[in-house]
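In: What follows is a predicted structure for the sequence shown.
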Amino acid sequence: MDKINPDWAKDIPCRNITIYGYCKKEKEGCPFKHGDNAAPSATAAINDPSTLLDVGEATTPTMISVPKFNAKVSASFTPMIVGSDSLATATTSASAITNAGSNVIMTTTSGTASTANPIANHAVSGATLLNNNNSSSNMSISIPTTASSSNYDPFNAPIFTPSSTSSIPTNTNTASFPFPSITNSGGMNTQANDDNSSNMSMTNNVTPPMQPPPVESNNLKYPSIYPPPHSLLQYHLYAPEQPASLKSLLRPNERSANQLFIPNDIREDLTKKNLSILQIFPSSGKVIPSIVQDYFNLVPLDFNNNGFLNKTTLFKVFSNYDGKPYVLKRLPNIDKSMNPSKISKIYQIWSKVNCTNLIKFRDIFQTTKFGDLSICLIFDYYPNSLSLHDYHFVNFPKFPITMNYLWIYLVQLTNVINSIHSQNLYIGKTLNWRKVLITGDPGRIKLSHCNFVDLLFNDDIDTVVSSSGSAIERQQQLDYKFLGQLMFNLSVNVDNSNNNSAPRGYQLDEINFQLIDDMKQIDDRFKDILKYLLSDDDAKKNVHDLISHFYDKMFMVLESSQTYTEYMESVLSKELENGRLFRLINKLNCIFGRIESRIDINWSESGTKFPIILFYDYVFHQVDSNGKPIMDLTHVLRCLNKLDAGIQEKLMLVTPDELNCIIISYKELKDLIDSTFRSITQ
Ligand SMILES: Nc1ncnc2c1ncn2[C@@H]1O[C@H](COP(=O)(O)OP(=O)(O)OP(=O)(O)O)[C@@H](O)[C@H]1O
């Protein structure tokens with residue numbers, strides 16, 4: 001190599017500085033220029049913080065002043081070794097990407113290095129973003145590298161907080177959590193008045209998009225229910241139904257996924273119900289006891305109700321006996337302990353009533369677990385059920401009440417009256433639109449409670465439930481009036497469910513025949529029934545007389561409920577095979593493609609297991625004559641069903657090079673797969 005002329009070289013910037021940021025031969029007589037214009041060296045940057053680029057004064061660097069990006073020395077890209085001293089102190093001054101319009105400068109703001117540490121890595125979200133009002137925008141990202149981060153212990157680490165550095169004002173308004181305000185979303189400054197509107201301009205006071213509440217806040221608010229609403233399943237992640245235009249493109253043998261599986265609305269509804277069943281309450285064990293008698297995991301159903309512990313409360317619970325969910329209704333602050341024989345009598349009487357339109361009563365007991373003496377009643381739980389009042393007039397979306405609904409409800413409630421009266425019992429005031437729950441389609445309703453509370457606090461329980469008591473007959477006659485009142489209140493609000501005004505509920509003494517006649521939206525037959533139910537005649541009302549007014553409507557209800565049952569059966573039959581096929585695919589995947597099989601002679605082309613490989617390709621990796629992958633779900637399902645049934649039908653499996661083929665039956669394949677699976681599970 002020729003000797004370099006020092007006079008000529010002294011004005012030329014040293015290439016080592018350009019590439020590495022420093023020149024190790026500088027002290028050994030490197031003739032090139034290491035002067036003032038060169039970028040600050042790494043060591044200088046560490047020892048003299050003032051030499052670090054000040055993000056606040058970021059200027060457009062030139063190619064000469066900014067070293068090119070170098071993966072070996074750039075802190076942001078150097079894989080760190082935890083505990084390595086050399087790396088703990090190594091750092092880099094800057095890396096920059098420069099182009100005509102925009103500059104990105106990355107600097108470290110402390111002398112110590114960042115490590116492969118999630119806490120340190122939050123620097124990206126805590127980036128300092130500058131807005132430059134000239135035509136070229138500078139995006140300067142400051143990487144705070146917290147000291148002593150070399151030994152990261154994920155288990156003892158503080159909660160990850162996308163923190164703010166001094167250059168990023170923290171948003172103290174935690175109310176917006178977890179949703180960022182629109183103006184700050186994505187960290188983009190929508191108000192930047194940059195001339196060049198195409199430049200993405202970001203300001204210093206950009207709020208990090210996901211700002212969690214401060215950890216030490218005294219007013220820390222936990223989500224009132226788990227899982228919190230924002231973490232609920234994203235139902236739209238499932239494939240939506242195909243538009244009609246695409247359906248026509250299907251070949252005769254093809255079916256869309258929607259034709260093969262459960263319809264989206266039913267799946268979504270069932271998923272939501274499952275979610276409600278599985279909900280847990282975070283403070284269980286503190287505010288609310290974690291176990292009450294044989295029931296655990298208490299979740300208040302009306303958890304928005306303040307001071308709910310002093311009122312009648314409903315909890316969703318799980319039974320320790322059968323693991324099923326139930327509803328626990330707690331009657332708090334009982335003055336004195338109830339006579340156990342009274343409690344057991346109530347249980348014996350009411351647990352006998354079996355009616356599809358009455359929520360089944362399961363258990364009753366006294367407890368001091370809530371800090372007082374409470375009586376607890378246990379009922380079947382129907383997730384996401386709403387009262388008639390809430391379903392038609394309060395909750396969104398509202399389901400407008402129609403004449404058909406009125407008939408369906410009337411038939412079902414008559415069924416409840418019939419079942420309860422036939423046991424010499426009565427319903428009482430609980431026959432109202434807040435205690436009748438909609439539990440499913442089409443308009444399926446269940447009465448949630450009967451007169452338990454009256455019975456519990458009535459000292460003369462024997463009279464109340466005696467088989468010949470005239471008191472009971474009187475109460476039973478009142479039940480018809482309560483039914484009339486309920487049906488009247490629904491009818492009078494038929495037009496109301498479409499607008500936002502609160503539904504008007506009439507008391508029994510407010511209802512008269514004139515009001516019934518004035519209702520334009522109700523047909524005359526229904527008005528006659530209302531009059532029959534609400535009349536003060538001496539003639540005793542009974543179920544037989546009542547249904548003579550609308551027996552034809554009972555056929556309508558029977559018809560709709562049978563049609564719905566058949567529809568659900570057909571949906572169920574579509575899903576019937578899923579569990580079986582899922583187990584089969586699991587089995588196949590467990591044995592197929594294992595690393596050890598690559599060196600196992602049995603899986604080679606001449607091995608005994610080779611048909612499994614070919615079959616897997618045959619089922620899942622079909623290609624057309626041009627070698628283009630084919631995705632035919634029907635083919636997959638057909639093959640798997642035949643395999644599962646182990647039929648004698650033979651199929652030809654061809655090797656990818658098409659030079660060899662195997663003719664094998666599904667039965668033989670099934671045996672082969674079963675024996676292979678057994679061999680790896682033993
Ligand atoms: N068995 C049940 N399964 C599912 N949800 C229920 C059940 N019983 C009640 N609910 C839900 O709880 C809500 C409140 O029911 P209810 O009015 O009976 O309770 P409450 O307000 O404690 O009664 P009370 O009027 O005696 O104080 C109902 O609208 C319904 O959404």
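Out: Received it, and whenever you're ready, just let me know what you need.
In: Ramachandran angles for Lys33?
Out: Phi and psi for Lys33, reported as degrees, to the nearest 10, are phi -80, psi 120.
In: so how far is the ligand from the spatially closest residue to it that is not a sequence neighbour?
Out: In space, and not counting its chain neighbours, Lys33 is closest to Pro13: 5.1 Å by CB to CB, 6 or more residues apart in numbering. Heads up, the C-betas are built off the backbone N, CA and C, glycines and all. Counting by CB to the nearest ligand atom, to the nearest Å, the gap from Pro13 to the ligand is 77 Å.
In: which parts of the stretch 551-682 of the chain sit against the ligand?
Out: Within the stretch 551-682 of the chain, not a single residue sits near the ligand (CB under 6 Å from any ligand atom).
In: Point out where this structure drops to low pLDDT.
Out: 1-4, 35-242, 246-248, 257, 283-286, 303-310, 458-469, 496-500 (pLDDT under 70).
In: that older thread, in this structure the residue nearest to Lys33 contacts Phe32, no?
Out: Yes: the criterion here is CB atoms under 8 Å, and Pro13 meets it with Phe32 at 6.7 Å.
In: what sits against the nearest residue to Asp294 once chain neighbours are set aside?
Out: Nearest non-adjacent residue to Asp294, counting by CB to CB, 6+ apart: Asn320, 4.5 Å away. Shown in contact with Asn320 (CB atoms under 8 Å, 6 or more residues apart in numbering): 291, 294-296.
In: Now, these that are in strands?
Out: 291, 295-296 (DSSP state E).
In: which one of those residues sits closest to Ile378?
Out: Checking the ones in strands among the contacts of Asn320 against Ile378 with CB to CB, the nearest one is Tyr295 at 7.2 Å.
In: Enumerate the beta-bridge partners assigned to that closest one.
Out: Using DSSP bridges, the beta-bridge partners of Tyr295 come out as Val292, Ser319.
In: if I look at it, how far off is Leu373?
Out: 17 Å (CB to CB, to the nearest Å).
In: Same question for Pro263.
Out: From Pro263 over to Leu373 (counting by CB to CB), the distance is 49 Å.
In: Any idea how many residues pack against Pro300?
Out: Neighbourhood size, Pro300 [other CB atoms under 10 Å]: 20.
In: Setting aside sequence-adjacent positions, which residue approaches the residue of the stretch 151-300 of the chain found nearest the ligand most closely?
Out: Across the stretch 151-300 of the chain, no residue is closer to the ligand than Ser276, which sits at 8.6 Å (CB to the nearest ligand atom). In this structure, Ser276 finds its nearest non-sequential neighbour in Pro383, 3.8 Å apart by CB to CB, 6+ apart.
In: List the contacts of that neighbour.
Out: For Pro383, the contacting residues are 272-274, 276-277, 325, by CB under 8 Å, 6+ apart.
In: okay, the residues you listed in TSV with distance to Ile408 and neighbour count next?
Out: Converted to TSV, the contacts of Pro383 look like this (distance: CB to CB, whole Å; neighbours: other CB atoms under 10 Å):
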residue	distance to Ile408	neighbour count
Lys272	23	15
Lys273	21	15
Asn274	26	12
Ser276	24	18
Ile277	26	15
Pro325	27	20
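In: Let's see which of those end up in strands.
Out: Assigned to strands by DSSP E, the following of the contacts of Pro383 qualify: Pro325.
In: Closest one to Ser604 out of the contacts of Pro383, please.
Out: Distance to Ser604, by CB to CB, is smallest for Asn274 among the contacts of Pro383, at 46.0 Å.
In: Would you mark the buried spots in stretch 348-367?
Out: Using 16 or more other CB atoms under 10 Å as the test for burial, stretch 348-367 gives 349-350, 353, 355, 357-359, 361-365, 367.
In: Which ones, among the residues you listed, also lie beside the ligand?
Out: Filtering those for neighbours of the ligand using CB under 6 Å from any ligand atom leaves Ile359.
In: any idea how far Tyr382 is from Trp407?
Out: Noted for Tyr382: a distance of 22 Å to Trp407, by CB to CB.
In: So Asn384 sits against Ser276, correct?
Out: Yes: assessed by CB under 8 Å, Asn384 is found in contact with Ser276 at 5.3 Å.
In: tell me the secondary structure for Arg330?
Out: At Arg330 the chain is in strand, as set by DSSP: H, G, I helix; E, B strand; the rest coil.
In: for Cys23, same thing?
Out: Cys23 ends up coil, using three-state DSSP.
In: Verify the contact between Asn333 and Ile375 for me.
Out: No: judged on CB under 8 Å, Asn333 makes no contact with Ile375 at a distance of 10.0 Å.
In: thinking again about what came up before, compare Pro13 and Phe32 and say which one has the larger neighbour count.
Out: A count of neighbours by other CB under 10 Å puts Phe32 above the other of Pro13 and Phe32, at 22 against 16.
In: residue contacts, the more buried one?
Out: So Phe32 contacts 9-10, 12-16, 23 (CB under 8 Å, 6+ apart).
In: Now it. Nearest residue, chain neighbours left out?
Out: Sequence neighbours aside, Cys14 is the residue nearest to Phe32 in space, at 3.6 Å (criterion: CB to CB, 6+ apart).
In: More neighbours: which of Tyr382 and Trp407?
Out: Just comparing Tyr382 and Trp407: by other CB under 10 Å the higher neighbour count belongs to Trp407, 22 against 19.
In: For the ligand, see how far away that one is.
Out: With CB to the nearest ligand atom as the criterion, Trp407 and the ligand are 23 Å apart.
In: just Asn395 next, same as before
Out: Taken as CB to the nearest ligand atom, the span from Asn395 to the ligand is 10 Å.
In: Can you give me the neighbour number for that residue?
Out: The tally of other residues near Asn395 (other CB under 10 Å) stands at 12.
In: How about the contacts made by it?
Out: Leu386.
In: cool, and Ile262?
Out: 571, 574-575.
In: Drop anything exposed from the residues you listed.
Out: Of these, not one counts as buried by 16+ other CB under 10 Å.
In: ok, so of those residues, who is nearest the ligand?
Out: Nearest to the ligand among those is Val571, at 23.3 Å by CB to the nearest ligand atom.
In: Select from the contacts of Asn320 the one having the most neighbours.
Out: Result: Tyr295 is most packed of the contacts of Asn320 (other CB under 10 Å), 24 neighbours.
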